[in-house]
Structure formats: C-alpha cells, structure tokens
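Participant: got a predicted model here, sequence first, then my questions.
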Amino acid sequence: MTASEISIYNAKLLIVDDEPVNVKLLERTLAKAGYERIQSTMDPRLVCDLFELHHYDLILLDLNMPYMDGFAVMKALTERFGSTPQVLVLTAQSAQEFRTQALELGARDYVTKPFERNELLHRVSNLLESKLYREALERLNESLEHKVQERTAELNETRLQVVRRLGRAAEYRDNETGLHIVRMSKISRLLGEVMGMSESECDLLLNASPMHDIGKIGIPDHILLKPGKFEPDEWEIMQSHAQIGADILEGAESELLKMARDIALTHHEKWDGSGYPNGLKGDEIPLVGRICAIADVFDALTSERPYKKAWPVEDALNLLQENKGKHFDPALVDAFMDNLTEILMIRDTHKEPGT
C-alpha cells in the first residue's frame, strides 16, 4: 500500500441515506475496501452539525430523503460553510435533470443505484486522491508563499540596513555616535503622522530621512569639521552637499530612495526662499524636506559636535519660533510645539552616551 493510499484510506467518510439497508451495504463495501473512518446518519438534518464536528473528506449523499432532500442538504452546507464540501451523490434518480442540478449545487460526482461495487470504490478513491493532491498543492503554495514573504522581508531589511549605514557613514564625518540620525528620523516620522501622511509614507520617511546628509561624504574634512564661520568659498563648498546627496541617490526606482533623494536635496531649503541649493519657497519645498529641515535643525542645535557645544532645549525652541515663516513651515513649527513632549521623549531615549 502506497503512502497516498494510506492517506486515502484514513479519510473520514459520512454516509447519508434514509434506508438502513443502503447504509449497511455502503458501510460494508467501504470497510471491506480498507476505509476505517466511516460514519453514517439516516437523518439529513444532522449533516451540517456532523460536518462541523468532523470535517469529513467525503459525503456519500442520497437525494430522496424525508425532512430534507439531498439538494437541500447541499444548499445548507454551502450556506453554513461558504462552499459545498466534497459530495458524491448516490441515488436511484437517473434522470439527467437530477444529475445536472446536483452538479450545479457542488456535487463532485454522481452514481446511480444500484451501483457496481468496483465502480463506486474507484469513484470514491478518485475523489479522495483529488482532494489529497489539492490539499498538498495548497500546502506547497502556502510554503512557497511563506518563503517568498520571508525572502522579500529579508531583501527589504537588507535594503534598509544599506540605507541606514549610508546615512551613518555620512554622520561619522562630524558626529561620533550617529544617534543624530536616529533621533532626527523618529522626530520626522512623528511630524509626518501629525501632518497627515499615511502610515506607509511615514515608514518611508523614517527610513529615508537618515540619508539627508549623505552628500557630506563629498565635503573635505577641513571644511566639514571647521570650528567657527566659513569663508565664502568654503560655505559654497559646504552647501554643495545637498546637491551631492541628490546626485548620489539620483535614478533610483524604489519609493524609499526617491524620497531620500528629495530629502537630501531640499532639507536646507527655507520657507521664505532664502535656502539652498535652489531657493525653493513655501509649498515648492516637498513636505518631507520641510519636515526633515525642522527635525534636523532642532536635533543638530541640541547635540554636541566636535566644533560646537549643545544648545539648551529652550534656546533651540526659541530659534524655531523666531524662524517660523522664515526658515520653517509655520504649520510645522506649530505641530512641533504641540508634540514637544513626544519629541523630547525621543531625544531622551536616544541621547548620546555620557550625556
């Protein structure tokens, strides 16, 4: 006996017929063939409850019965369980109209009485094998889908890790721990939520914002780390990091890197048009660029760098208010102040070691 046969003969069968002689004959026929899990009922009203309890692999169903005929039983099964379980109609009704109606209601096969023993057993085994193969295919598809989901999640995580590390590489140039990008990205996500961005957009913002200063990779150390004011030519070089960052991220097809490019290019633009590199004004600046601008400035001001001391939070907040409608989107300044408790919690949760 093959493994598939063992599975077939282990199937759960239900005989539904109001004639005791027919029930006994079917039970003996199936048992002699090797089927061990056979139940029967002569009351069609019990079929739905029995199926809910036992989930039969095949129902051998008569048509002419008291209380409910076989058609009514199939309809009741479909209404209760959403689809007709696997049914083999076994009836004395040989007219084509009965056969057609049974098949339309979901019966998988139709055998007329008196039946020939071997034919019936072949039809039963064919139906059970078909069910077995369908279930095996469903399990295989589920397994493959799970593997695809795992692989997709792995690839997404790898992509995010690359993005975070590129952002981290830029921060290493002028920040020892790189926690600035963690705080700044979490504050940005919070502001994105407040400003009505969707959950998926906020997730993109969380993971794209660490790339805001990727262009610093192209700025010489003697300028990037210079204490005090820049000379005009040095300031011009320093400003170029926004365009450098956009150039690095240019041409990407993923939504994440497209947003990262917009942020890298526009997070130094100002609401009044006095920013760089393109002097964009107001709503010309993408929302993600405006969000990252205020998150970046606040955290940069309140963080210690090799070339400066950290500002007190109160002083940084005063600067945001003073530059409302100048450097920063007024609505974002209001949103920042309204959500200050959560923002300071982010700052304290991810503060620099030793501070």
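Facilitator: Great, that's in hand.
Participant: and the nearest residue to residue 182 once chain neighbours are set aside, what does it touch?
Facilitator: Setting aside the residues directly before and after it, residue 182 is nearest to residue 350 in space (C-beta to C-beta, 6 or more residues apart in numbering), at 4.8 Å. Placement of C-beta: from N, CA and C, glycine included. Taking C-beta atoms under 8 Å, 6 or more residues apart in numbering, we find residue 350 in contact with 179, 182, 183, 186.
Participant: hmm, who's touching the helix or strand hosting the second one?
Facilitator: Going back to what we said before, that points to residue 182. Residue 182 is part of helix 179-194 when elements are defined by DSSP states H and E. Outside of helix 179-194, the residues within contact range by C-beta under 8 Å, 6+ apart are 164, 167-168, 171, 201-203, 205-207, 209-210, 212, 287-288, 291-292, 294-296, 298-300, 303, 332, 335-336, 338-339, 342-343, 346-347, 350-352.
Participant: need the CA coordinates for it. CSV is fine.
Facilitator: As requested, the backbone C-alpha atoms of helix 179-194 are provided in CSV (Å, rounded to 0.1, in the frame of the first residue of the first chain):
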residue,chain,number,x,y,z
LEU,A,179,22.5,58.8,17.1
HIS,A,180,21.6,62.1,15.5
ILE,A,181,20.0,60.3,12.5
VAL,A,182,18.1,58.0,14.9
ARG,A,183,16.6,61.0,16.7
MET,A,184,16.1,63.0,13.6
SER,A,185,14.3,60.2,11.7
LYS,A,186,12.0,59.4,14.6
ILE,A,187,11.1,63.0,15.1
SER,A,188,10.5,63.3,11.3
ARG,A,189,8.2,60.3,11.4
LEU,A,190,6.2,61.7,14.3
LEU,A,191,5.8,65.0,12.4
GLY,A,192,4.8,63.2,9.3
GLU,A,193,2.0,61.5,11.2
VAL,A,194,0.8,64.8,12.7
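Participant: return the alpha-carbon coordinates of the helix or strand that it is followed by using PDB.
Facilitator: Heading C-terminal from helix 179-194, the first helix or strand you meet, by DSSP H and E, is helix 199-208. The C-alpha trace of helix 199-208 is given here as PDB (Å, rounded to 0.1, in the frame of the first residue of the first chain):
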ATOM      1  CA  GLU A 199       1.300  55.000   7.600                       C
ATOM      2  CA  SER A 200       3.300  53.700   4.600                       C
ATOM      3  CA  GLU A 201       4.500  57.300   3.800                       C
ATOM      4  CA  CYS A 202       5.600  57.700   7.500                       C
ATOM      5  CA  ASP A 203       7.500  54.400   7.300                       C
ATOM      6  CA  LEU A 204       9.300  55.600   4.200                       C
ATOM      7  CA  LEU A 205      10.100  58.900   5.900                       C
ATOM      8  CA  LEU A 206      11.500  57.100   8.900                       C
ATOM      9  CA  ASN A 207      13.800  55.100   6.700                       C
ATOM     10  CA  ALA A 208      14.600  57.800   4.100                       C
END
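Participant: if I look at residue 289, what pLDDT would I see?
Facilitator: Residue 289 carries a pLDDT value of 97.
Participant: right, I mislabeled it, should have said residue 314
Facilitator: So, for residue 314, pLDDT stands at 96.
Participant: residue contacts, it?
Facilitator: No contacts exist for residue 314 under C-beta under 8 Å, 6+ apart.
Participant: what about it, distance to residue 351?
Facilitator: Remark: distance between residue 314 and residue 351 (C-beta to C-beta, to the nearest Å) = 17 Å.
Participant: now do residue 192
Facilitator: Relative to residue 351, and taking C-beta to C-beta, residue 192 is found at 22 Å.
Participant: kindly report the same for residue 10.
Facilitator: 62 Å.
Participant: what's the answer for residue 147, then?
Facilitator: Distance check for residue 147 against residue 351: by C-beta to C-beta, it reads 41 Å.
Participant: between the two, point out the one with more neighbours.
Facilitator: Using other C-beta atoms under 10 Å, the more surrounded residue of residue 147 and residue 351 is residue 351, with 14 against 10.
Participant: look up phi and psi at the more buried one.
Facilitator: Phi and psi for residue 351, reported as degrees, to the nearest 10, are phi -70, psi 160.
Participant: quick check: closest non-adjacent residue to residue 218.
Facilitator: residue 244 (4.2 Å).
Participant: ok, the one you found to residue 226 distance?
Facilitator: 18 Å.
Participant: of the two, who's got more company?
Facilitator: residue 244 (20 against 15).
Participant: need the contact list for the more buried one.
Facilitator: Residue 244 makes contact with 214, 215, 217, 218, 219 under the criterion C-beta under 8 Å, 6+ apart.
Participant: roughly how far does it sit from residue 291?
Facilitator: Noted for residue 244: a distance of 21 Å to residue 291, by C-beta to C-beta.
Participant: neighbours around residue 300, how many?
Facilitator: Neighbours of residue 300 (other C-beta under 10 Å): 19.
Participant: which SSE is immediately downstream of the helix or strand harbouring it?
Facilitator: Assigned by DSSP H and E, residue 300 belongs to helix 287-301. With elements assigned by DSSP H and E, the helix or strand that comes after helix 287-301 is helix 313-322.
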